[in-house]
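Trainee: Sequence plus predicted model, see below.
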Amino acid sequence: MGITSPLHELHEELGATFTEFAGFTMPVQFSSIKDEHLCVRKGVGIFDVSHMSNVWISGKDAAALLSKTTIEDASRFGSGKSQYTALTKEDGTVIDDTIFMHVDDKYMIIPNAGMAEPVTNWLKKQVDAFGFDAQVENVSRDYTIIAVQGPLSQKILQKVTDVDLSKVGFFACTHATIAGKKCILSHTGYTGELGFELQVNPAENAKVIFEELMKVGKEVNIKPIGLGARDTLRLEKCFLLAGNEFEGGRTPLEANLSWAMHWDHDFIGKEALLKQKENGDYQRLTCLQCTGRGIPRHGMKVEHSGKEIGVVSSGSMSPCLKTGIAMAYLDPGVVSLGDTVDIMIRGKSSEAEVVKPPFVKKDWAKTQ
Amino acid sequence: MADEVREDLKYTETHEWVEVKGKTAIVGITDHAQSELTDIVFAELPEAGKEITKGDELCVVESVKSVSEIYAPISGTIKKVNENLEDTPEIINDDPYDDGWLVEIELSNKDEVDALLDADAYKKLL
């Protein structure tokens, strides 16, 4: 058994089945992945995502350290703001993607599961290399992370917090009291729905918050959601999963993160990325929606006119669209939107169309 | 809820069931198997006429998150496949012993039937 969440016993009581993920034992599902998925798209669901990491960056040069090590210029984000970004190596490949939250005079970053130590060590190395006046502290085991996601999330969360959530803008963060317990609240998530994430310390408080949300959410049938639905929810919105989309070393340009690239600052990997951008000859993450039968999965080959042009990094059945969907790294210049490719599923080819992200559009539930 | 095990069927250790009808047998997956697999969203069945040997991969059943191979419990020739599974694979979850059957096999070696588990022996595995 891997590291368990402080909420593990509560999950057992709620009937979870568990899975191993990056050294953690976390709920994969409570009732059914499909039901949990649709519950988040149409109502509200509550997630324990304590497998994610928490690292504080503080000191006079905290923003400078973040800017030097990510594709974002952190100085653009004042206290109370969050941003999605990626840490890159000298060769431009992604070490990890993360959200940073500017809380008072510090920054909290949320590296992926199992990435707390590598990211902390990398940042400390850069502190020494560049002589920054900054402290980096891995506090992952102190924090429990709860996500409340879905069109009804705000309504439910508002019942138990002192913060006026209508004033917390998208990607804003703030101190909050929820069910009488303090936490850091951000208007962020990994589902593409209205939602909030809570960084709770100590763990006992997380249990109180989780149980209180389950209680007040009862009237709208709130459900606990496992990692299974978390993965299908993010895939329908074309959000990246580090272990899949950065596997083997991928740059932000390859991973379709051009929108998150802030070129007007100096950062590790910038030179390599500028060169790649100019050169243009790199595989790009592409969205494929199956028109044929079969479900694409991680590692399956993609062909066009009988020639291999790439590989699926993430694939699943879409519970909303009821078709197979995939993100795949494809060679440049071969296909464009609307074209058909073949995904090789156990030796047979299955047709898929190149589509624009996301697979599931905003406010999908309203169209149902 | 306890998984249903039908008295009149034969079983394998890998959770397939077999209903022998003279020279042919219907094959499916057990209630226990479907409940472990959870939401089944895709079934890839063999083509009628294909010859299979006991222990070979018979078909593939996928849930949202997993891909599972189903093994042939007996040798023979595929006579029929359950075409309803193409559009509604979830009937394997809803009705694993009746509407959710997978294939009908014409037996090539009837002796293999004797090697299958009876309901009591299968129940002990659960």
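Mentor: Yep, it's here. Numbers count the residues shown, from 1 in each chain, chains lettered A, B, ... in the order given.

Trainee: Spell out which residues make up each domain of chain A.
Mentor: What automatic domain parsing lists as the domains of chain A is A:3-52+A:142-236, A:55-138, A:283-357.

Trainee: Would you tell me which of those domains gets closest to residue B:89?
Mentor: Minimum separation from residue B:89 across the domains of chain A (C-beta to C-beta) falls at domain A:283-357, 10.0 Å. C-beta here means a position set from N, CA and C on the backbone, and glycine is covered the same way.

Trainee: returning to that earlier point: can I get the domains of chain A in CSV including mean neighbour count, distance to residue A:363 and mean pLDDT?
Mentor: Listed next are the domains of chain A as CSV, based on neighbours: other C-beta atoms under 10 Å in any protein chain shown; distance: least, C-beta to C-beta, whole Å; pLDDT from 0 to 100:
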stretch, mean neighbour count, distance to residue A:363, mean pLDDT
domain A:3-52+A:142-236, 20, 8, 97
domain A:55-138, 19, 21, 98
domain A:283-357, 18, 12, 97
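
Trainee: Would you mind saying which of those lies nearest residue B:26?
Mentor: The closest approach between residue B:26 and any of the domains of chain A, judged by C-beta to C-beta, belongs to domain A:283-357 at 23.2 Å.

Trainee: ends of that closest one, how far apart?
Mentor: Using C-alpha to C-alpha, to the nearest Å, the gap from the first to the last residue of domain A:283-357 comes to 17 Å.

Trainee: Check whether it comes into contact with chain B.
Mentor: Yes: applying C-beta under 8 Å from any C-beta of the partner chain, one finds domain A:283-357 touching chain B at A:293-295, A:297, A:316-317, A:319, A:346.

Trainee: Next step: the residues you listed restricted to strands.
Mentor: Among the residues of domain A:283-357 next to chain B, the ones falling in strands (DSSP state E) are A:316-317.

Trainee: Can you tell me which residues in chain B are near chain A?
Mentor: By the criterion of C-beta under 8 Å from any C-beta, the positions of chain B lying close to chain A are B:38-39, B:41-42, B:44, B:60, B:62-65, B:67, B:86.

Trainee: all strands for the stretch 151-300 of chain A, in order.
Mentor: A:173-178, A:181-186, A:195-200, A:223-225, A:284-290 (DSSP state E, counting those that start in this stretch).

Trainee: Which pair in the residues of chain B next to chain A has the greatest spatial separation?
Mentor: If you compare every pair in those using C-beta to C-beta, the most distant one turns out to be B:65 and B:86, at 21.0 Å.

Trainee: So for those two, which residue has more residues nearby?
Mentor: residue B:65 (22 against 13; other C-beta atoms under 10 Å in any protein chain shown).

Trainee: need the strands for the stretch 1-150 of chain A, in chain order.
Mentor: Taking DSSP E, counting those that start in this stretch to define them, one finds strands in the stretch 1-150 of chain A at A:3-4, A:17-21, A:24-29, A:45-48, A:55-58, A:82-88, A:94-103, A:106-109, A:135-138, A:144-149.

Trainee: Format the ones you listed as TSV; extra columns: distance to chain B.
Mentor: Conversion of the strands of the stretch 1-150 of chain A to TSV gives the following (distance: least, C-beta to the nearest C-beta, whole Å):
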stretch	distance to chain B
strand A:3-4	20
strand A:17-21	9
strand A:24-29	7
strand A:45-48	15
strand A:55-58	29
strand A:82-88	25
strand A:94-103	22
strand A:106-109	28
strand A:135-138	30
strand A:144-149	18
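
Trainee: Quick one: these as TSV, columns for distance to residue B:78 too.
Mentor: Compiled in TSV, the strands of the stretch 1-150 of chain A are given as follows (distance: least, C-beta to C-beta, whole Å):
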stretch	distance to residue B:78
strand A:3-4	45
strand A:17-21	33
strand A:24-29	33
strand A:45-48	42
strand A:55-58	56
strand A:82-88	50
strand A:94-103	47
strand A:106-109	55
strand A:135-138	56
strand A:144-149	45
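
Trainee: So for the chain, which residue is the most central one in space?
Mentor: In the absence of a named chain, chain A is used. The residue at the geometric middle of chain A, judged as the C-alpha nearest the mean C-alpha position with C-alpha atoms, centre = their mean, is residue A:190 (4.8 Å).

Trainee: my question was about chain B
Mentor: Most central in chain B under C-alpha atoms, centre = their mean is residue B:28, positioned 2.2 Å from the mean C-alpha point.

Trainee: what about that one, helix or strand, and which?
Mentor: strand B:24-29 (DSSP states H and E).

Trainee: which residues touch the residue of the stretch 201-350 of chain A found nearest chain B?
Mentor: With C-beta to the nearest C-beta as the measure, the residue in the stretch 201-350 of chain A that lies nearest chain B is residue A:317; the distance is 4.4 Å. For residue A:317, the residues meeting the contact criterion (C-beta atoms under 8 Å, 6 or more residues apart in numbering or on different chains) are A:232, A:295, A:323-325, B:41-42, B:62, B:64.

Trainee: Residue A:171 too?
Mentor: In this structure, residue A:171 makes contact with A:81-84, A:186-188, judged by C-beta under 8 Å, 6+ apart.

Trainee: let's see 7 Å
Mentor: Residues in contact with residue A:171 (C-beta atoms under 7 Å, 6 or more residues apart in numbering or on different chains) are A:81-83, A:187-188.

Trainee: With residue B:53 instead?
Mentor: By C-beta under 7 Å, 6+ apart, the contact set of residue B:53 is B:72, B:75.

Trainee: Okay, it and residue A:161: tell me how far apart.
Mentor: Per C-beta to C-beta, to the nearest Å, residue B:53 is found 62 Å from residue A:161.

Trainee: do residue A:173 as well
Mentor: Separation of residue A:173 from residue A:161 (C-beta to C-beta) stands at 14 Å.

Trainee: ok, now which ones touch the residue of the stretch 51-200 of chain A found nearest chain B?
Mentor: Taking C-beta to the nearest C-beta, chain B has its nearest neighbour within the stretch 51-200 of chain A at residue A:191, 15.3 Å off. Each residue near residue A:191 by C-beta under 7 Å, 6+ apart is listed here: A:40, A:149, A:233-234.

Trainee: So which of the residues you listed are in helices?
Mentor: Filtering these for membership in helices, criterion DSSP state H, returns A:40, A:233-234.

Trainee: which phi and psi does residue A:143 have?
Mentor: When read as degrees, to the nearest 10, the backbone of residue A:143 gives phi -110, psi 140.

Trainee: Surely it and residue A:198 touch.
Mentor: No: under the criterion of C-beta atoms under 7 Å, residue A:143 lies out of contact with residue A:198, with a separation of 9.6 Å.

Trainee: At which residues are the strands of chain B located?
Mentor: If you assign secondary structure with DSSP E, the strands in chain B sit at B:10-11, B:16-21, B:24-29, B:40-44, B:51-52, B:57-63, B:67-71, B:76-81, B:103-107.

Trainee: Just the CA atoms of the fourth one, as CSV, please.
Mentor: In CSV, the C-alpha atoms belonging to strand B:40-44 read as follows (Å, rounded to 0.1, in the frame of the first residue of the first chain):
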residue,chain,number,x,y,z
ILE,B,40,-18.5,-1.7,-19.6
VAL,B,41,-18.3,0.7,-22.5
PHE,B,42,-16.9,-1.5,-25.3
ALA,B,43,-16.8,-5.1,-26.3
GLU,B,44,-14.6,-6.4,-29.2
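
Trainee: still on that earlier bit, just so I know, which of the domains of chain A lies nearest residue B:120?
Mentor: The closest approach between residue B:120 and any of those, judged by C-beta to C-beta, belongs to domain A:3-52+A:142-236 at 27.5 Å.

Trainee: now the end-to-end length of that closest one.
Mentor: Using C-alpha to C-alpha, the end-to-end distance of domain A:3-52+A:142-236 comes out at 28 Å.

Trainee: Stretch B:18-26 too?
Mentor: Using C-alpha to C-alpha, one end of stretch B:18-26 lies 6 Å from the other.
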